[in-house]
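> Pasting the sequence and the predicted coordinates here, then a few questions.
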There are 2 protein chains.
Amino acid sequence: MGEMKKKLALKDIAAALKVSEASVSYVLNGKARQYGISVALENKILRFVEKVGYRPNRLAASLRTGKSKTVGMIVEDISDPFFSAIARVVEEHIYKEGYRVIYGSSENSTGIARDLLQTFKNYQVDGYIVAPTAGLEDDINQLVKEGYPVVVFDRASPDLQCSKVLVDNFRGSEAAVLHLIDNGFRNIAMVTLAAGQDQMNERVNGYHAALKKHGLLPILKEIIYNEDPHKTVQNLKSLLKSKKDIDAIFFATNYLALSGLQALKESGLIITRDIGVAVFDDINNFALFNPAITAVAQPITEIGLRVTKILLEELQDNHIIDSQNILLKTKLIIRDSSARLLV
Amino acid sequence: MGEMKKKLALKDIAAALKVSEASVSYVLNGKARQYGISVALENKILRFVEKVGYRPNRLAASLRTGKSKTVGMIVEDISDPFFSAIARVVEEHIYKEGYRVIYGSSENSTGIARDLLQTFKNYQVDGYIVAPTAGLEDDINQLVKEGYPVVVFDRASPDLQCSKVLVDNFRGSEAAVLHLIDNGFRNIAMVTLAAGQDQMNERVNGYHAALKKHGLLPILKEIIYNEDPHKTVQNLKSLLKSKKDIDAIFFATNYLALSGLQALKESGLIITRDIGVAVFDDINNFALFNPAITAVAQPITEIGLRVTKILLEELQDNHIIDSQNILLKTKLIIRDSSARLLV
DNA sequence: CTGAAAGCGCTAACAT
DNA sequence: ATGTTAGCGCTTTCAG
């Protein structure tokens, strides 16, 4: 295969132009004025660099400056539409500021997340964006203590000493369940994760709070993260079979809902006629399901923007910034699946 | 905020142990045997490194070796479920071999893609995975000529001189349309992109071929990439209004289908009763739509695995490898939306 | 078997 | 206004 053409280095262009490496470096970094490089020399350098297509080796610059212009981002699963949508927003906006993103999916495992953090560190990333797993608190706080900018999102333990961008899971959940109650449902089950993630706990708390206001009893079903979806469907079918009086289900995540809808289908239950449904997290397609699914929408773009903005601030200012705590509102999107069709 | 604790460097651990930097480096890179380091010294070094938690600076190693252990991946849009699912597979499998991934979304723009390629190069990535935009051929071939491993997927111009992992878009599309014809549909429209992407062209060719076999006439509607979805919905509603004899629609991508389903809904058309639907690319949820949507499934995991495997091969072997051409089969998943419900 | 030392390509303090 | 040069932290050749 082709020869690896010898790449031009800064010194090559300095030599070709018979100027010093420093001058070239200054010009390329927009510090010509600051170091009193003449406009003539500047243009000459710029023109030549353009002509020969020289591009500085970022690795070398990073090694020298200690800044890699890269941020590490840990999501739960990049193929989950919630996380990929946020990743997209972050990528787009942080790119404009000259930063690149390295991603990693934790699969909700503290071990993998820790490994990812370590890897990012080896790559000398300048900052971290993370959807933390339970148990990652110490690792993150350590990073903060060492002075690295860290922003967590989606979930956060109170112990975390860094900026946080979260949604109001409690109220979002509570609103959805109150809505189901308003529509006449009384035996409302909630399907959630067994993982002990903070945002899930809040969603469950919201569910309990709503029920309590009306003196209703909870029916909580916990699913293990990463369980084979087929098995989840089976588990949910069993639940529906054993508790025939369930008249509505509230799902704590979009993917649990997908399994749940499958379970309803296989159980021969028709949404609206037999059972009401609401979901936390509104992925695009819920509007197109038939019936359309009522969902608690998270402000995805807003989350991505806030995360990016805060990280950039922490990245740019060298002075101390207080960590920020952003709590965003969710929005209940009422669709057909939560309608009560009674005779 | 906390002091940036001075990071340990290799020379620090060499000094602490009173051994040479070379010894430490050899041990850390598993070359102790090769360079005849004693087992005793090896253990001593390993133990110490473990104890103080030293981690080599990959940037420095990369600068020195010219290998960054990073690959650059360009997708069309990381928030598209097709691409994020593939990204997930790639990430997972390439991670195990010690590589990291930097992603970028091209938004189907050659300019952005070119910029991303350049950026990746500045970061000295060892290899490239790309879903190419039309017009990126020269840039990619240049990379290949320079000796970089490149694997393209999802689409590829015949001019591309690198390994390719594609699906049989022509047959996949043809099979879906033949299926619609079998079910009695006669005025089958196809909604596709105007972008001139190779995979889209093949899908359109498959559509034409199927119609031709049965002497049917095409109704082709091209949508501009990145058009505001609301506008797309309007455009499709106009189409449905002006061509009232359309009895089925075949969508070339999952997101076009989402707009299309919205348009059908807003036009008061009921799938199965008024119109048949099939889609190229089966994202999870199509099975859960009601009616469930018939779709041409692409072997996502297989695509991700092949891409990863080929790239790793090209990355590891230094000797010449012929570029590989993989063509994977699609699978038509027949669901309710393509059923013909006639009286 | 081990140590010294020369860079990889760049930045920025210090000279001039 | 521009040039010289010492590293950033690592790998690897070469000499002991």
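Structure's in. What do you need?
> any idea which helix or strand carries the residue nearest the centre of chain A?
Residue closest to the average C-alpha location in chain A (Cα atoms, centre = their mean): A:Phe83, at 4.5 Å. In the assignment (DSSP states H and E), A:Phe83 maps to helix A:81-95.
> List the buried residues of that helix.
Taking 16 or more other Cβ atoms under 10 Å in any protein chain shown as the basis for neighbour counts, the residues of helix A:81-95 that come out buried are A:81-95. C-beta here means a position set from N, CA and C on the backbone, and glycine is covered the same way.
> right, and the helix or strand after it?
For helix A:81-95, the following helix or strand on the C-terminal side (DSSP H and E) is strand A:100-105.
> got the contact list for that next one?
A:69-79, A:87, A:90-91, A:94-95, A:112-113, A:116, A:119-120, A:123, A:125, B:70, B:87-88, B:91-92, B:95, B:100-103, B:119, B:123 (Cβ atoms under 8 Å, 6 or more residues apart in numbering or on different chains).
> Just the mean pLDDT for that strand, thanks.
With pLDDT averaged residue by residue, strand A:100-105 scores 92.
> okay, stretch A:249-267 in CSV with CA atoms only?
C-alpha atoms of stretch A:249-267 as CSV (Å, rounded to 0.1, in the frame of the first residue of the first chain):
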residue,chain,number,x,y,z
ILE,A,249,-48.4,1.0,34.1
PHE,A,250,-45.8,3.7,34.4
PHE,A,251,-42.4,2.8,33.0
ALA,A,252,-39.2,4.5,34.4
THR,A,253,-37.3,4.4,31.1
ASN,A,254,-37.8,4.3,27.4
TYR,A,255,-36.3,0.8,27.0
LEU,A,256,-38.3,-0.7,29.8
ALA,A,257,-41.3,0.7,28.1
LEU,A,258,-40.4,-1.0,24.9
SER,A,259,-40.2,-4.4,26.6
GLY,A,260,-43.4,-3.5,28.5
LEU,A,261,-45.3,-2.7,25.3
GLN,A,262,-44.2,-6.0,23.9
ALA,A,263,-45.4,-7.8,27.1
LEU,A,264,-48.8,-6.1,26.8
LYS,A,265,-49.1,-7.1,23.2
GLU,A,266,-48.2,-10.7,24.0
SER,A,267,-50.6,-10.7,26.9
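> is chain B contacted by that stretch?
Yes: Stretch A:249-267 lies within reach of chain B by Cβ under 8 Å from any Cβ of the partner chain, at A:Leu258, A:Leu261, A:Gln262, A:Lys265.
> Name the nearest residue to the last one, sequence neighbours excluded.
Of all residues beyond its chain neighbours, the one nearest A:Lys265 is B:Leu288 (7.5 Å), with distances taken as Cβ to Cβ, 6 or more residues apart in numbering or on different chains.
> Could you do the third one as well?
The shortest distance from A:Gln262 to any residue that is not its chain neighbour, by Cβ to Cβ, 6+ apart, is 5.0 Å, and that residue is A:Val233.
> secondary structure class for that neighbour?
In the three-state summary, A:Val233 is assigned as helix, counting by DSSP: H, G, I helix; E, B strand; the rest coil.
> list the contacts for the nearest residue to A:Gly304 once chain neighbours are set aside?
Excluding its sequence neighbours, the residue lying closest to A:Gly304 (Cβ to Cβ, 6+ apart) is A:Val89, at 2.7 Å. With contacts taken as Cβ under 8 Å, 6+ apart, A:Val89 has the following neighbours: A:Ile300, A:Thr301, A:Ile303, A:Gly304, A:Leu305, A:Thr308.
> just A:Ile246 next, same as before
A:Asn187, A:Ile188, A:Ala189, A:Ile219, A:Leu239, A:Leu240, A:Ile275.
> Could you tell me which of those residues belong to strands?
Secondary structure of those is defined by DSSP state E; positions in strands are A:Ile188, A:Ala189, A:Ile219.
> Alright, that wraps it up for me.
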